[in-house]
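Chemist: Here you go, sequence then predicted model.
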Amino acid sequence: MYSASTDKQAPPPDAGKYIRLGIVAIMGIVIFAVVGNQAVNLSMNFTEFGEQFSKPLYYTLVSTIILSAIALVRVNIAGRSSIFWYSITTIIGFLGRGGQQPISNDIQSFKDYKLTPPQFIIWQITKVLLFGAFFANIMFGFAAISFLDGNQLGIEHLPKLFSLPFVTPHIDPEYATQNVVPMIPALIILIPPILAAIGLRLVLYVGIHRLIHVITSFIQDSNDGKPRYLNYVSTIEGIIGIGIVWIGFNLFFTEQIDYNTRYLIGGVLVIGFALIAFSVVDRIRARVLTHMFKRDVYIRIFTILAIAIIVIGIISVNQSISDARKVEFLGPYTAQQIGVNRYLGELDRIDENTHDVQLRSVSPNNIKNYVQQNNDVLDVIRVWDWTAALAKLKPEIGLIPYVNFEDNDILRFNNTLYWTVSMSPTLPSSVSQDNAWYNEHLVYTHVPNGFLTLEATDGQIVDSSQFFQEREIYYGEGGLFQTTWSGYPTNRETSAELNQAFYNGEGGLDVPPPLSWIFEPNFLLSFPGESVHVMRYKDVNDRMQVLYPYFIYDFGEGRELDILPVTDGTNTFWLVPLIVKLDTFDVPWSIGNPYLRLVGYGLVDTQDGSIQLLKTGDDFFTEMFENQYSEQFQPMPDWLQEQIRYPVELFDWKTQMYNIYHVTDVETFIQANEFYEVPSGLGTYHVEAKPPGFDQTEFIGLLSLELKGSQGRNLAGYMVVEHDIGNLGSMQFYEVPLNSTTKLIGPTAVDEALNKDPDFAQLKTLLRTPRIGDNILYRIGDHDVYFIPIYTAGAGGAVAQLGTIAAVGAAFNGEYFVGLGDTQEEAFEAYLKKVSGVSSTATISDDEYVELARDDRINIIKSVFEENDITIAEPTSIQIPLSFNEGQIFFFTESDRAETVEFISQFIDDFVKPRTDRVFMWQEENNLNVGTVFVKDGISEIHYVSIEVGT
């Protein structure tokens with residue numbers, strides 16, 4: 001029955017209250033889960049690494065606070081608005097509203113929504129805590145602390161940046177050197193994160209904030225029947241105008257500036273300020289008007305279009321003119337591009353040498369002596385390449401299923417080069433899935449004998465303990481080092497490690513329960529009351545990345561930083577290059593080429609993972625890093641001086657920069673016809689050699705270069721980098737002049753020369769599908785020669801054997817000279833004989849032309865006697881009581897022919913024709929002897945001449 005009590009409806013539940021509690025609860029659970037999951041690892045990191053781990057966190061925290069404050073924190077306590085909490089309140093209003101009211105009635109005006117002052121302040125702090133991780137930028141934090149310590153980083157030079165687009169520089173890179181280079185530190189490490197944070201702030205608090213204000217105002221005004229369209233348009237005009245002005249401002253921070261940049265910046269800024277001006281005018285007019293006149297719409301559209309058309313027209317006209325006057329228009333800016341990029345690549349430090357390529361013959365009598373004089377280089381020529389070395393070293397692993405080759409390196413010990421292979425532990429395929437966890441973490445914890453060594457010159461396998469007394473690797477590369485941690489109970493009496501090894505190093509840390517249970521739940525049941533010694537970050541690159549994240553350890557495409565094993569005679573270390581890489585997208589004229597520098601090296605102990613820092617750099621970042629980590633730097637140890645090596649990644653990159661920016665003439669640069677490139681398939685060779693100008697053999701890196709786009713296969717020159725500590729990183733380029741009559745052939749032409757050589761063609765048939773090894777260019781005395789090993793088997797089959805060594809002349813004037821031998825000395829001697837004409841003919845680039853061979857020369861000698869009607873007898877031996885040598889001559893080349901004919905004719909006139917019409921001819925070593933016999937006083941005498949024609 002109806003009554004007042006039944007008519008009264010129950011109040012709806014306070015859904016908003018429960019939703020708020022739910023949101024807070026969800027946020028709490030997420031925070032607890034994240035913090036709980038990381039707390040143990042963080043605690044272990046602090047305990048094990050101390051300041052090494054805390055410093056990067058400190059710099060990350062600094063960057064988080066500064067950048068998130070710039071982007072997110074608001075100081076307008078009078079307005080006290082919040083997009084986030086307004087959205088939450090609005091959503092709660094939707095969920096708790098009754099179904100009979102329009103949705104628009106539940107939307108509160110954003111302009112009227114305000115937090116209380118305490119809520120506003122707490123929310124600004126909460127935003128930093130919640131979203132700060134998205135602003136973590138360790139390099140910015142590092143630079144910010146350095147800036148606060150007094151390092152200006154070139155900030156004082158930044159005002160010049162805003163004049164660069166509006167000044168036409170001289171055709172001289174010095175302008176960029178004086179005006180751009182000083183501000184580069186700030187532009188690559190400090191300014192970009194700040195610009196990004198400011199841009200995000202504009203998006204949030206000018207863009208989204210004002211758009212929400214417009215939308216909510218429109219809804220409220222529409223409900224009241226009084227929409228103010230002109231007011232909304234003025235706000236949107238202002239948002240777009242500010243956005244365009246910000247884009248124009250960022251155009252000053254560009255990687256390229258040319259003759260059109262000033263017009264582009266000016267046009268964008270004018271459009272932006274025009275929209276802002278229209279916004280101000282429309283806001284004033286909105287006090288009395290609600291709609292915009294059609295005329296005003298046209299004015300705004302035509303104004304923007306007019307500015308855009310003018311700018312595009314100017315740019316198009318300039319572009320058209322510059323097509324015909326490229327040097328005049330683009331030259332000044334190209335010069336600055338050259339200047340900036342030569343600084344980025346440190347190209348001014350590269351010594352340039354003109355390499356005079358000549359083909360010089362050596363006197364046949366001096367060939368052996370010449371070979372002897374150059375034994376210092378010949379004795380250290382790298383004959384064994386990595387493929388052949390791998391084939392010989394693979395059997396050394398034997399049947400061990402739990403190790404695998406991880407990396408190979410060329411190392412130098414006692415002025416001798418060795419291929420050294422490091423290994424990593426791997427889980428045998430025979431281990432079942434049920435036993436995988438146990439074996440990964442407790443058994444295969446290390447590599448017992450982690451190095452194999454092969455001499456790179458003679459191919460002999462060497463006992464690695466001669467160099468690496470400590471061969472156990474607990475901290476290394478790849479394999480299980482990269483994927484798992486290892487551990488053992490601290491009170492163990494027996495060891496589960498390979499070969500029952502008991503680790504006694506200082507790496508890792510003891511983790512007591514209950515932390516050990518949280519770290520690994522399996523320990524809760526297996527070792528509930530025992531501490532467990534845990535070793536983490538066992539991959540050297542991962543370890544360095546955690547402790548020193550400022551440097552690059554991965555060069556993309558799966559190419560990790562090349563690290564080397566080195567030793568002090570007792571302990572073994574990994575030598576890790578500390579290379580910093582910074583983007584230059586905000587540096588004028590950089591065209592995006594990065595800033596790379598070698599700060600120094602890290603020495604990581606293979607037993608305990610401890611790290612020492614060594615300094616070699618001298619740039620601004622090195623100084624910053626040394627100031628912040630001064631207590632961790634050690635002096636360069638004497639024992640490392642012979643083993644150190646300049647990073648191949650940095651050498652290759654600098655060479656790539658040099659390939660383009662060695663050209664300093666603007667017109668030549670624009671024509672782009674003198675750029676270099678690395679021949680296809682070729683990489684850096686680390687060898688002991690003596691390039692021109694070197695007093696003795698040195699450990700160097702060598703990279704050949706050819707002219708980019710050239711159809712020829714000749715080298716433009718070659719780049720070398722020194723590895724010795726006194727000149728570490730010193731680079732020299734040996735340039736072959738473009739007009740040189742004698743060319744320096746490249747790798748493709750070398751292969752062709754070898755395959756055309758008749759001696760090699762015959763040997764190739766005997767060896768049956770031999771493998772041709774690396775072709776490395778050496779300077780032997782005055783000769784540029786490629787030394788190429790020929791192997792009888794490769795890595796895929798039997799153990800490689802050295803079939804022969806080829807010495808192919810690199811100097812080319814129409815002929816290829818190839819010498820073969822069992823040793824480097826023999827191959828070089830055979831090459832010299834061919835150059836001098838002593839040995840059989842050289843291979844000629846023109847297949848229709850063949851130089852006279854030895855048999856041809858002998859036939860020429862015989863023909864001289866036959867033309868004089870003299871019979872030639874060829875006895876097997878000559879036994880005459882008395883013999884007289886009447887003269888000697890060499891006959892090797894075509895140029896010797898006339899002199900030889902004249903020499904023989906003179907012998908015929910003096911000793912043959914007056915007495916006989918018959919001569920005797922016999923061979924003795926390299927000589928062809930021709931003589932005549934007559935009797936004097938009852939005694940037989942032979943008078944003969946010797947003509948050296950080779951073997």
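Modeler: The structure has been received and is ready for your questions.
Chemist: where do the helices sit along the stretch 601-750 of the chain?
Modeler: 620-628, 648-661, 666-671, 747-756 (DSSP state H, counting those that start in this stretch).
Chemist: Need the pLDDT of residue 280.
Modeler: In this prediction, residue 280 carries a pLDDT score of 92.
Chemist: actually residue 918, not the one I wrote
Modeler: 89.
Chemist: Skipping its backbone neighbours, what lies nearest it in space?
Modeler: Leaving aside its sequence neighbours, residue 918 sits nearest to residue 871 (Cβ to Cβ, 6 or more residues apart in numbering; 4.7 Å). Where C-beta positions appear, they are placed from N, C-alpha and C, glycine not excepted.
Chemist: contacting residues around the one you found?
Modeler: Applying Cβ atoms under 8 Å, 6 or more residues apart in numbering, one finds that residue 871 lies in contact with 865, 917, 918, 919.
Chemist: Could you give the number of residues near the second one?
Modeler: Summarising burial for residue 917: neighbours were counted as other Cβ atoms under 10 Å, giving 12.
Chemist: wait, it sits on residue 872?
Modeler: No. In this structure, residue 917 is not within contact of residue 872 by Cβ atoms under 8 Å, at 10.6 Å.
Chemist: who wins for neighbours among the contacts of residue 871?
Modeler: That'd be residue 919 among the contacts of residue 871, by other Cβ under 10 Å, with 23 neighbours.
Chemist: Is that residue bridged to anything, and to what?
Modeler: Beta-bridge partners for residue 919, by DSSP bridges, are residue 872.
Chemist: Please, which helix or strand holds residue 26?
Modeler: Under the criterion of DSSP states H and E, residue 26 resides in helix 15-49.
Chemist: scratch that, residue 856 is what I was asking about
Modeler: helix 854-867.
Chemist: which parts of that helix are buried?
Modeler: 854, 857, 858, 860, 861, 862, 864, 865 (16 or more other Cβ atoms under 10 Å).
Chemist: correct me, but the last one touches residue 907?
Modeler: No. With contact defined as Cβ under 8 Å, residue 865 does not count as touching residue 907 (9.7 Å).
Chemist: Now list whatever residues contact both of the two.
Modeler: The contact sets of residue 865 and residue 907 overlap at residue 930 (Cβ under 8 Å, 6+ apart).
Chemist: Just read off the phi/psi values of residue 597.
Modeler: Main-chain dihedrals, residue 597, degrees, to the nearest 10: phi -140, psi 150.
Chemist: Leaving out chain neighbours, which residue sits closest to residue 450?
Modeler: Nearest one to residue 450, counting by Cβ to Cβ, 6+ apart, is residue 473 at 3.7 Å.
Chemist: could you measure the closest residue to residue 289 other than its chain neighbours against residue 237, distance?
Modeler: Nearest residue to residue 289, sequence neighbours excluded (Cβ to Cβ, 6+ apart): residue 230, at 5.2 Å. To residue 237, residue 230 is 10 Å away according to Cβ to Cβ, to the nearest Å.
Chemist: that older thread, CSV please, covering the buried residues of helix 854-867 and showing pLDDT.
Modeler: Listed next are these as CSV, based on pLDDT from 0 to 100:
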residue, pLDDT
854, 76
857, 82
858, 87
860, 88
861, 89
862, 89
864, 89
865, 89
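Chemist: any idea which of these is the one closest to residue 493?
Modeler: The closest of the buried residues of helix 854-867 to residue 493 turns out to be residue 854 (Cβ to Cβ; 79.5 Å).
Chemist: I'd assumed residue 948 was in contact with the closest one.
Modeler: No. Using Cβ under 8 Å, residue 854 makes no contact with residue 948, being 10.7 Å away.
Chemist: could you point out which element follows the one helix or strand residue 215 maps to?
Modeler: Using DSSP H and E, residue 215 maps to helix 209-223. Heading C-terminal from helix 209-223, the first helix or strand you meet, by DSSP H and E, is helix 229-250.
Chemist: what is the mean pLDDT for that next one?
Modeler: Averaging pLDDT along helix 229-250 gives 91.
Chemist: Keeping just the C-alphas, turn it into PDB.
Modeler: Taking Å, rounded to 0.1, in the frame of the first residue of the first chain, the C-alpha atoms of helix 229-250 are listed here in PDB:
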ATOM      1  CA  TYR A 229      32.500  30.800 -31.000                       C
ATOM      2  CA  LEU A 230      34.800  33.700 -31.500                       C
ATOM      3  CA  ASN A 231      36.300  33.100 -28.000                       C
ATOM      4  CA  TYR A 232      36.900  29.400 -28.900                       C
ATOM      5  CA  VAL A 233      38.500  30.400 -32.200                       C
ATOM      6  CA  SER A 234      40.800  32.900 -30.500                       C
ATOM      7  CA  THR A 235      42.000  30.200 -28.100                       C
ATOM      8  CA  ILE A 236      42.600  27.700 -30.900                       C
ATOM      9  CA  GLU A 237      44.400  30.400 -33.000                       C
ATOM     10  CA  GLY A 238      46.700  31.000 -30.000                       C
ATOM     11  CA  ILE A 239      47.400  27.300 -29.500                       C
ATOM     12  CA  ILE A 240      48.300  26.800 -33.200                       C
ATOM     13  CA  GLY A 241      50.300  30.000 -33.200                       C
ATOM     14  CA  ILE A 242      52.400  29.100 -30.200                       C
ATOM     15  CA  GLY A 243      53.000  25.600 -31.700                       C
ATOM     16  CA  ILE A 244      54.200  27.100 -34.900                       C
ATOM     17  CA  VAL A 245      56.400  29.600 -33.100                       C
ATOM     18  CA  TRP A 246      57.900  26.700 -31.200                       C
ATOM     19  CA  ILE A 247      58.600  24.800 -34.400                       C
ATOM     20  CA  GLY A 248      60.300  28.000 -35.800                       C
ATOM     21  CA  PHE A 249      62.400  28.200 -32.700                       C
ATOM     22  CA  ASN A 250      63.500  24.600 -33.000                       C
END
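Chemist: The residue lying closest to residue 321 once chain neighbours are set aside and residue 322: what is the separation?
Modeler: Spatial nearest neighbour of residue 321, excluding adjacent residues (Cβ to Cβ, 6+ apart): residue 329 at 6.6 Å. Distance, residue 329 to residue 322, using Cβ to Cβ: 4 Å.
Chemist: Next: residue 267.
Modeler: From residue 267 to residue 322 the distance is 18 Å (Cβ to Cβ).
Chemist: on that earlier part again, can you list the contacts of residue 871 in a markdown table and add distance to residue 787?
Modeler: Formatted as a markdown table, the contacts of residue 871 follow (distance: Cβ to Cβ, whole Å):
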| residue | distance to residue 787 |
| --- | --- |
| 865 | 43 |
| 917 | 52 |
| 918 | 49 |
| 919 | 44 |
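Chemist: Out of the residues you listed, which comes closest to residue 176?
Modeler: For the contacts of residue 871, the nearest to residue 176 is residue 865 (76.7 Å; Cβ to Cβ).
Chemist: Kindly provide the distance from the closest one to residue 916.
Modeler: 12 Å.
Chemist: go on, residue 41?
Modeler: Residue 41 is 104 Å from residue 916, where distance means Cβ to Cβ.
Chemist: now residue 343
Modeler: Residue 343 sits 83 Å away from residue 916, going by Cβ to Cβ.
Chemist: show me the contacts for residue 790.
Modeler: Contacts of residue 790 were listed using Cβ under 8 Å, 6+ apart, and they are 760, 763, 767, 770, 771, 772, 773, 802, 803, 804, 805, 806.
Chemist: Mind listing the residues bridging to it?
Modeler: With DSSP bridges as the rule, residue 790 is bridged to residue 772, residue 804.
Chemist: and it, what pLDDT?
Modeler: 91.
Chemist: Please apply the same query to residue 946.
Modeler: Confidence score, pLDDT, at residue 946: 89.
Chemist: beta partners of it?
Modeler: As for beta bridges, residue 946 partners with residue 888, residue 929 under DSSP bridges.
Chemist: Give me the distance from stretch 878-886 to the chain's centre.
Modeler: In terms of Cα atoms, centre = their mean, to the nearest Å, the centre of stretch 878-886 is found 71 Å from the chain centre.
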